[in-house]
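Participant: here is my input; please provide its structure:
(chains A and B)
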Protein chains: 2
Amino acid sequence: MFALASCKNTTCDKQPGENMQSQTIFERGNKLSNANFTGNAWLNSLIDSDSLNQNSVGSVTFEPGARTYWHSHPAGQIILALKGVGYYQEEGKPVVILHKGDVVKCPHNIPHWHGASPDSEFVQVAITGRENGPTVWHEAVTDEAYNNLQK
Amino acid sequence: MFALASCKNTTCDKQPGENMQSQTIFERGNKLSNANFTGNAWLNSLIDSDSLNQNSVGSVTFEPGARTYWHSHPAGQIILALKGVGYYQEEGKPVVILHKGDVVKCPHNIPHWHGASPDSEFVQVAITGRENGPTVWHEAVTDEAYNNLQK
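Facilitator: Alright, predicted model coming up:
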């Protein structure tokens, strides 16, 4: 009577109805080509903001070592860690190591960066308020800074 | 030099650094005891709204057959399907079957309900704008309606 789940992951060898969880929740999306990232990262844009919904939601996959430049969000951001080991750092604070299931609430206009750790990719969902304007980008997280993080 | 991922899932038998994905991203949280649900559901409240961040974010787990009552959100809602097979229905429209990776943008003030399918639990993340007031609850989705959905 009821429709069965379809197995959408190409590497999945289980049957619909099994209590499965494959490697990722969301498709990886498109490789980011803008200049505000160090290393390779991919974006799957899940929800665009519009006149009624002021949040954009996207899944971002960082390869090991990849990270954003320093930046800030005029209406803040929420990060949900889905997979791997990531880093999150606000200006003037120690880096925070993120694992699957961790959540970050980033305040308005606070310079910060996030990305993967050196030995693991990192997948996050970012929920970004757009009501106060677009992301403000700053300088790169240098290799020297990244390789000498105080944890 | 770098910290290794810790394996936080109690059923996990893999080593840190493996490209693992266990059954769930977020802990199941607390069983919901309010009167606006049919069947058993659990909430892990991940982010509370505050004066600066107007979104609440929570992971909800529905056992098979469990669902919300009809309700509406004055500032809308975004649903991210993480696991299992779920149902989502807006008033006057056919039910939509949700699988892992599916995303729903629910408009402001549109009566709708969501929950699990009869044969599978369903895990979702709900991102709910709170800037226009709390959720407005309506009547239950009766067993008769649920068991006779047009799909």
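Participant: where do the helices sit along chain A?
Facilitator: If DSSP state H is used as the criterion, the helices of chain A fall at A:143-147.
Participant: quick one: low-confidence parts of it?
Facilitator: A:1-23, A:151 (pLDDT under 70).
Participant: contacting residues for the most centrally placed residue in it?
Facilitator: In chain A, the residue lying closest to the centroid (Cα atoms, centre = their mean) is residue A:124, at 3.2 Å. When contacts are counted by Cβ atoms under 8 Å, 6 or more residues apart in numbering or on different chains, residue A:124 touches A:59-60, A:62, A:79-82, A:86, A:98, A:114. The C-beta positions use only the backbone N, C-alpha and C, and glycine is treated the same way.
Participant: who wins for neighbours among the residues you listed?
Facilitator: residue A:86 (29 neighbours; other Cβ atoms under 10 Å in any protein chain shown).
Participant: so in terms of bridging, what pairs with that residue?
Facilitator: Bridge pairing for residue A:86 (DSSP bridges) gives the partners residue A:98, residue A:116.
Participant: so who does it touch?
Facilitator: A:62, A:97-99, A:114-117, A:122, A:124.
Participant: mind doing that once more with 6 Å?
Facilitator: Residue A:86 sits next to A:98, A:116, A:122 when contact means Cβ atoms under 6 Å, 6 or more residues apart in numbering or on different chains.
Participant: just name the closest of the residues you listed to residue B:128, please.
Facilitator: Closest to residue B:128 out of the contacts of residue A:86 is residue A:98 (23.0 Å), distances taken as Cβ to Cβ.
Participant: the closest one contacts residue A:82, correct?
Facilitator: No. Counting by Cβ atoms under 6 Å, residue A:98 stays clear of residue A:82, with 9.8 Å between them.
Participant: residue A:45: how many residues sit nearby?
Facilitator: Using other Cβ under 10 Å: residue A:45 sits among 12 other residues.
Participant: can you check residue A:36 too?
Facilitator: Around residue A:36 there are 15 residues (other Cβ under 10 Å).
Participant: near chain B at all, stretch A:29-42?
Facilitator: No. Stretch A:29-42 is not in contact with chain B by Cβ under 6 Å from any Cβ of the partner chain; minimum separation 11.3 Å.
Participant: in that stretch, what counts as buried?
Facilitator: A:29, A:32, A:37-38, A:41-42 (16 or more other Cβ atoms under 10 Å in any protein chain shown).
Participant: out of these, what pair is the most spread apart?
Facilitator: So, these by Cβ to Cβ: farthest apart are A:29 and A:38, at 18.5 Å.
Participant: residue boundaries of the strands in chain A?
Facilitator: Using DSSP state E, the strands of chain A run over A:30-31, A:37-38, A:41-47, A:55-62, A:67-68, A:71-72, A:77-90, A:96-99, A:103-106, A:112-116, A:122-129, A:136-137.
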